[in-house]
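Enquirer: the following comprises the amino acid sequence and a computationally predicted model.
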Amino acid sequence: MLLAEGFEIFWQKGDNIRDYMQNLLNLYSKGVVYFSSLHASFIFVMFCIFGLGLNSAYMFGILVIKFIDIGFKIYFLDRMKKGLSLGGYEAMLNEDMQISPLTKLASSSFYLFMFYMALNTTGL
């Protein structure tokens, strides 16, 4: 899980929201399957649940949060690609809202903590 989260931090680059979304849009333009396959931690969690049978509320929680995250990204990127309005979120793209490395670390740390808890509740 640590390697998968590290990989996601590596390819989801951007110092601000606009650069971050532009980077995601460039990857999304290569195809939705390609874009989805870059979410290594989502794939890893699905493997843990369905392949290894690690069924815990924490594991399903990670899966749901990751699914919603990917779904929102695809929704917004599809609207950006088609030139449609993003509603109130356009203001975030137009402003120079910075993304600190601490924010990315906090996000990854949350998933790692949830994964640790999932392993503890399944008896591993």
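Expert: That came through, no problem.

Enquirer: mind checking how far stretch 14-21 is from the chain centre?
Expert: Offset of stretch 14-21 from its chain centre (C-alpha atoms, centre = their mean, to the nearest Å): 14 Å.

Enquirer: and stretch 28-47, by the same measure?
Expert: For stretch 28-47, the distance to the chain centre is 9 Å (C-alpha atoms, centre = their mean).

Enquirer: if I look at the nearest residue to Glu5 once chain neighbours are set aside, how far off is Ala57?
Expert: Closest residue in space to Glu5, ignoring its immediate chain neighbours: Ser108 at 4.2 Å, by C-beta to C-beta, 6 or more residues apart in numbering. In this view, the C-beta of every residue, glycine as well, is placed from N, C-alpha and C. Counting by C-beta to C-beta, to the nearest Å, the gap from Ser108 to Ala57 is 21 Å.

Enquirer: which of those two has more neighbours?
Expert: Neighbours per residue, other C-beta atoms under 10 Å: of Ser108 and Ala57, the larger number sits with Ser108, 18 against 11.

Enquirer: can you check which helix is longest in this protein?
Expert: In the chain, taking DSSP state H as the definition, the longest helix is helix 57-82.

Enquirer: what's downstream of it, the next helix or strand?
Expert: Toward the C-terminus, helix 57-82 is succeeded by helix 90-94 as the next helix or strand (DSSP states H and E).
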